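A.B. asks: Sequence isn't available, so here's the structure alone:
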């Protein structure tokens, strides 16, 4: 991926938002004083916080407005796996994000605000699992063509059990050299802390829309108050179209609802486990909660990620929010076909999030067509924490003039200009 290499520097010490406070800070505790800023950001997910940290540590005056809390959506409610996106166009974003994550993690010893996040030195490894050896072999060949660096290896019989004893005897697998298990919200918290400690302003509980005049973004309107900004970046996840086109006429990004279940496993898998087919997730199913009342008919794709003693079972990819209380036991039942011990595993909690899925499966990164000084970074689907930091870096470099263009495959112009209403 093009762009100037960049590294995080040690942030100045002083009053900072700890990871715990990022979720409990009362609305409006941190205020901007309504002073002009260089860049205003909408959205406190992994992309927005990464962009804020990169900008603030470069000396840019930056304001981040988030209507709820840091990582309130998919960036804090994901399964906790940073992994290859199975797309050669997006792979460079994954590899660059690993570098940025490593840099933030290396600073943990000097900055107590980011001690909750550290990228593992080596990937846990992903096991794509199925009950069909033929299907696994076919998928391994396909992955070898598009992502040979993953070194796909088909495992059957005793070789599978030797590598992962928790799996059912009939399960076959393909091991991939990717998959870093991390606490779901830790990365987003770490970037937010670094942004704030470098002088960035974070406003929580702040409802923001773009302040637009004569086809140019002049800043944000935050809870009815105007904040002038040289550039505006909208990184509001699945709600990005609502910020840019509140008439509903521009929808290149839609919410795809995922349910993850925290289960107690006395003997958890060492690898990240994902059902064959997870590499193609993104398109919502035709399921509708008003039509299908039986949870047995709700589609899902099995995954299991264990980090820091907590195992996350997933997940659904639905166009509407599922009933967590009813669906969680069904996910556990389906998962037990791969990991038998899940059948009796106590359910500790559930978490639901809306993933920002673009119409073509690739994010929108760059200038918003038809508007000056306005930028967007959204639409990562299930790959937000895997691609987010590098995506933010690309758009930040565009904002500050370090690059003039973005790859056509992620250029927002492919979806045409939005109807922006103020």
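C.D. replies: Good, I have the coordinates. Just so it is clear, the model here is predicted, and its values are computed rather than measured.
A.B. asks: can you pull out the helices in this protein?
C.D. replies: Ranges of helices within the chain are 19-24, 46-57, 74-77, 91-106, 133-146, 158-163, 186-197, 240-244, 324-335, 384-399, based on DSSP state H.
A.B. asks: quick check: angle from the second one to helix 384-399?
C.D. replies: Using axes from the mean of the first three to the mean of the last three CA atoms, to 10 degrees, the interaxial angle of helix 46-57 with respect to helix 384-399 works out to 40 degrees.
A.B. asks: Now do helix 46-57: distance to the chain's middle.
C.D. replies: Centroid separation for helix 46-57 versus its chain: 14 Å, with CA atoms, centre = their mean, to the nearest Å.
A.B. asks: Show me which residues of it are buried.
C.D. replies: 46, 47, 48, 49, 50, 51, 52, 53, 54, 55, 56, 57 (16 or more other CB atoms under 10 Å). All C-beta spots, glycine's among them, are computed from the backbone N, C-alpha and C.
A.B. asks: Could I get the average pLDDT for it?
C.D. replies: What helix 46-57 shows for mean pLDDT is 98.
A.B. asks: got it, and the fifth one?
C.D. replies: Per-residue pLDDT over helix 133-146 has a mean of 97.
A.B. asks: got it, and the first one?
C.D. replies: The average of the pLDDT scores along helix 19-24 is 41.
A.B. asks: cool, and the fourth one?
C.D. replies: Per-region confidence: helix 91-106 scores 94 on mean pLDDT.
A.B. asks: Next, the buried residues of it.
C.D. replies: Buried residues in helix 91-106 (16+ other CB under 10 Å): 91, 92, 93, 94, 96, 97, 98, 100, 101, 104, 105.
A.B. asks: can you list the residues you listed in TSV and add distance to residue 221?
C.D. replies: As requested, the buried residues of helix 91-106 are exported to TSV (distance: CB to CB, whole Å):
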residue	distance to residue 221
91	38
92	36
93	31
94	35
96	33
97	32
98	37
100	31
101	33
104	32
105	36
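A.B. asks: Pull the distance from stretch 377-393 to the chain's centre.
C.D. replies: The answer for stretch 377-393 is 6 Å, by CA atoms, centre = their mean.
A.B. asks: and it, average pLDDT?
C.D. replies: For stretch 377-393, mean pLDDT is 98.
A.B. asks: and residue 248, what pLDDT?
C.D. replies: pLDDT for residue 248: 79.
A.B. asks: What of the one 4 residues further on?
C.D. replies: With respect to pLDDT, residue 252 has a value of 96.
A.B. asks: can you check residue 257 too?
C.D. replies: Predicted confidence (pLDDT) for residue 257: 95.
A.B. asks: Spit out the contact partners of residue 416.
C.D. replies: 250, 369 (CB atoms under 8 Å, 6 or more residues apart in numbering).
A.B. asks: which regions of the stretch 251-400 of the chain sit below the pLDDT cut-off?
C.D. replies: 279-293 (pLDDT under 70).
A.B. asks: and with 80 instead?
C.D. replies: Residue ranges of the stretch 251-400 of the chain with pLDDT under 80: 278-294.
A.B. asks: At which residues are the strands of it located?
C.D. replies: 253-263, 272-275, 303-307, 310-314, 347-358, 364-367, 374-378 (DSSP state E, counting those that start in this stretch).
A.B. asks: hmm, back to that, out of the buried residues of helix 46-57, flag the one nearest to residue 267.
C.D. replies: Nearest to residue 267 among the buried residues of helix 46-57: residue 46, at 31.0 Å, using CB to CB.
A.B. asks: The nearest residue to the closest one once chain neighbours are set aside: neighbouring residues, count only.
C.D. replies: Leaving out its chain neighbours, the residue that sits closest to residue 46 by CB to CB, 6 or more residues apart in numbering is residue 388, at 3.6 Å. Neighbour count for residue 388, taken as other CB atoms under 10 Å: 31.
A.B. asks: what's the answer for residue 337, then?
C.D. replies: Neighbourhood size, residue 337 [other CB under 10 Å]: 16.
A.B. asks: Check the one 3 residues further on too.
C.D. replies: For residue 340, the tally of surrounding residues (other CB under 10 Å) stands at 14.
A.B. asks: I figured it hits residue 170, correct?
C.D. replies: No. Assessed by CB atoms under 8 Å, residue 340 is found out of contact with residue 170, at 10.6 Å.
A.B. asks: For residue 384, which residues are in contact?
C.D. replies: 45, 46, 47, 74, 75, 78, 237, 355, 356.
A.B. asks: which residues touch the fourth one?
C.D. replies: So that's residue 74. Contacts of residue 74 were listed using CB under 8 Å, 6+ apart, and they are 45, 237, 238, 258, 353, 354, 355, 356, 384.
A.B. asks: I'd like these laid out as JSON lines, including distance to residue 419.
C.D. replies: Putting the contacts of residue 74 into JSON lines (distance: CB to CB, whole Å) gives the following:
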{"residue": "45", "distance to residue 419": "24"}
{"residue": "237", "distance to residue 419": "20"}
{"residue": "238", "distance to residue 419": "18"}
{"residue": "258", "distance to residue 419": "29"}
{"residue": "353", "distance to residue 419": "27"}
{"residue": "354", "distance to residue 419": "22"}
{"residue": "355", "distance to residue 419": "24"}
{"residue": "356", "distance to residue 419": "19"}
{"residue": "384", "distance to residue 419": "26"}
